[in-house]
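[1] Take this sequence and fold it.
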Amino acid sequence: MNAYRYQAVEKHILSMIDSGALGLQDKLPSLRALSSKTGVSISTVNQAYLELERKGFIESRPRSGFFVCRESARLPRTEKKSTPMDSPRPVTRSGLIQTVLESVGKEGTVPLAVVAPGRELLPLKELGRITASIIRNEPGRAMDYAPVSGDPRLINQIAYRSMEHGIAVAPDDPIITAGCLEALYISLRSVCRRGDTVLIQSPTYYCFLQLLETLGLRAIEIPSCPQNGILPEALHHALTMFDIAACVFAPNFNNPDSSLTSDARKKEIVALLAARNIPLIEDDVSTDLHFGSKRPGTFKQHDTKGLVLLCSSFSKTIAPGYRVGWMLPGRFRQKALEIKATTNVSSASLSQMAIAEYLRQGRMDRHLKKLKTALETHLDIMQLHLEHHFPTGTRVTHPQGGGVLWLELPHAIDTVELFFQARDHGIGIAPGAIFSTQDKFSNYIRLSYGIPWTDTVKKGVQTLGDLTHALCDTP
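    Below is the predicted model of the structure:
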């Protein structure tokens, strides 16, 4: 079988690196120039460059192009295990990540890469009525700037719910943000400086890696186990080996492997970090989506020194497009407020007011009960179809909550290639390579089960299985 066209372009660049025609830090030809020279499309050249970046031979620089970052393509490449013995690495996955993010909000795509409930599962009518009522009755307040820390009514509601979940929080502690990602951004800026080393679990959410790269931070990875989450012994080993400025962990239904760290291990991890005065940034965005009868605990519940910065949002539960998140910043509240004020002054007033009223009316818990039932049903259906349509040897996680499945495919499959083929068929997936700074998870994909099971979704999963079988058969 002939190689894909982008692979021919990839080999051409590698031969130039091997021969010395392109040296370390040299700039590669532009997409248009190489397209003209090789007679292939610009998109084919772009795909080859993304693959070379994924393999660590080149790196993209904003507004500058692509540059060589490895001197020889003939250097031996060994699989690195996910242990804290790996050296800190700069994060260079932006090109592929941006391509994956193009599917967010794109009509006509089967959104298996988008981690959010389908529209049919959201309280559209209730929020619509509340929002219309606010515009009608309080138009001035809805159009004014909110305080930097956020709408007072929403802050009170979040504080109340946090206390219900066993978190010691003062009524004015929360800070409202534009989604959970801004909360994570503010948290990292509050506790880190450019060049610092941050500890993350592996695999981890690719937007975390983008944040680290944007802020000039370096990453140390410790393993995340789908069954057990983060292991305190792995954390302890990393702390003895490296100078860690902060940790970013998602203990409850980590994206992408859906791992759940036990409450006992959470307590032990908080104690390990508190003994060294190391801040812990907690991604708590999926905890409300637990399938069991008891809501999992958080790191923040065990925080006695104000070192845990909890970050969350309503994007995975009631209103992705409202972009309402929040953080409990602990001892770093004043610094977080300064960064928030100089980032976007404050979050949108109308969406904050609508969410606050929705919570005040006591609608959240009833909605969550229905949402979790629907998600668990979607999960069961998707797992059955994956078992039927995907190759023998495919392994799938069995999450206890959240909204994603983590698939390990047969080793012969390159899931970056699978991603591009699926995109050509109108199917969005997330390839495993973007969930780590290391050369791992090349045969993994993440799928969302948040959308209702329809004939379109069924056909999308079936087509994805067919593509996977075809790649298995490719020599």
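[2] hey, let's count contacts and neighbours off CA atoms from now on
    Will do.
[3] pLDDT at the residue most central in space within the chain, what is it?
    With distances taken as C-alpha atoms, centre = their mean, residue 205 lies nearest the centre of the chain, 2.8 Å away. With respect to pLDDT, residue 205 scores 95.
[4] again with the one 4 residues further on
    Per-residue confidence (pLDDT) for residue 209: 91.
[5] Quick check: the residue nearest to the centre of the chain touching residue 432?
    No. Counting by C-alpha atoms under 8 Å, residue 205 sits too far from residue 432 to count as a contact (10.3 Å).
[6] if we can go back for a sec, what does the residue nearest to the centre of the chain show for phi and psi?
    Note on residue 205: backbone dihedrals following degrees, to the nearest 10 are phi -60, psi 130.
[7] so how far is residue 369 from the residue lying closest to residue 288 once chain neighbours are set aside?
    Closest residue to residue 288 apart from its sequence neighbours, by C-alpha to C-alpha, 6 or more residues apart in numbering: residue 295 at 7.0 Å. Per C-alpha to C-alpha, to the nearest Å, residue 295 is found 12 Å from residue 369.
[8] Please identify every residue contacting each of those two.
    Taking C-alpha atoms under 8 Å, 6 or more residues apart in numbering as the criterion, residue 295 and residue 369 do not both touch any residue.
[9] still on that earlier bit, looks like the residue nearest to residue 288 contacts residue 286 (just checking).
    No. Using C-alpha under 8 Å, residue 295 is not in contact with residue 286, being 10.7 Å away.
[10] Between those two, tell me which one has more neighbours.
    residue 286 (23 against 13; other C-alpha atoms under 10 Å).
[11] Distance check, that one against residue 21.
    To residue 21, residue 286 is 49 Å away according to C-alpha to C-alpha.
[12] And for residue 344?
    Per C-alpha to C-alpha, residue 344 is found 46 Å from residue 21.
[13] Tell me which helix or strand residue 327 sits in.
    Element membership for residue 327, per DSSP states H and E: strand 325-328.
[14] Show me what that strand is packed against.
    Where contact means 3 or more C-alpha pairs under 8 Å, 6 or more residues apart in numbering; DSSP states H and E, strand 325-328 is packed against strand 175-177, helix 179-191, strand 308-313.
[15] Most tightly packed of those?
    Mean neighbours per residue, mean count of other C-alpha atoms under 10 Å, is largest over the helices and strands packed on strand 325-328 for strand 175-177, with a mean of 29.
[16] So for the strand holding residue 327, mean pLDDT?
    98.
[17] Could you list the paired strands of that strand along with their orientation?
    Paired with strand 325-328 in the same sheet, following DSSP bridges, are strand 175-177 (antiparallel), strand 308-313 (antiparallel).
[18] In TSV: these, plus mean pLDDT and distance to residue 440.
    Formatted as TSV, the strands paired with strand 325-328 follow (pLDDT from 0 to 100; distance: least, C-alpha to C-alpha, whole Å):
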stretch	mean pLDDT	distance to residue 440
strand 175-177	98	33
strand 308-313	98	27
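[19] Of these, which is nearest residue 6?
    Distance to residue 6, taken as C-alpha to C-alpha, is lowest for strand 308-313 among these, at 39.4 Å.
[20] can you list contacts of stretch 384-395?
    407, 408, 409, 410, 458, 461, 462, 465, 466, 468, 469, 472.
[21] how far does it stretch from start to finish?
    End-to-end for stretch 384-395, by C-alpha to C-alpha: 12 Å.
[22] quick one: buried residues of that stretch?
    Residues of stretch 384-395 classed as buried: 386, 389, 390, 391, 395 (neighbour count, 16 or more other C-alpha atoms under 10 Å).
[23] what's the answer for stretch 28-40, then?
    Buried residues in stretch 28-40, counted by 16+ other C-alpha under 10 Å: 28, 31, 34, 35, 40.
[24] with those in mind, which one is nearest to residue 113?
    Once C-alpha to C-alpha is applied, the member of the buried residues of stretch 28-40 that ends up nearest residue 113 is residue 31, at 26.7 Å.
[25] I'd say the closest one and residue 39 touch.
    No. With contact defined as C-alpha under 8 Å, residue 31 and residue 39 do not form a contacting pair (11.6 Å).
[26] related to what we said a few turns ago, and the residue nearest to the centre of the chain, how far from residue 192?
    Residue 205 sits 19 Å away from residue 192, going by C-alpha to C-alpha.
[27] try residue 395
    Distance from residue 395 to residue 192, by C-alpha to C-alpha: 37 Å.
[28] from the chain's centre, how far out does stretch 181-199 sit?
    15 Å (C-alpha atoms, centre = their mean, to the nearest Å).
[29] Ok, stretch 161-181 next?
    Worked out by C-alpha atoms, centre = their mean, stretch 161-181 lies 21 Å from the chain centre.
[30] Can you mark which positions in that stretch are buried?
    Buried residues in stretch 161-181, counting neighbours by 16+ other C-alpha under 10 Å, are found at 162, 167-169, 173-181.
[31] which one of those sits closest to residue 318?
    When these are ranked by distance to residue 318 (C-alpha to C-alpha), residue 179 comes first, at 12.3 Å.
[32] can you pull the contacts of that closest one?
    By C-alpha under 8 Å, 6+ apart, the residues touching residue 179 are 312, 313, 314, 315, 323, 324, 325, 326.
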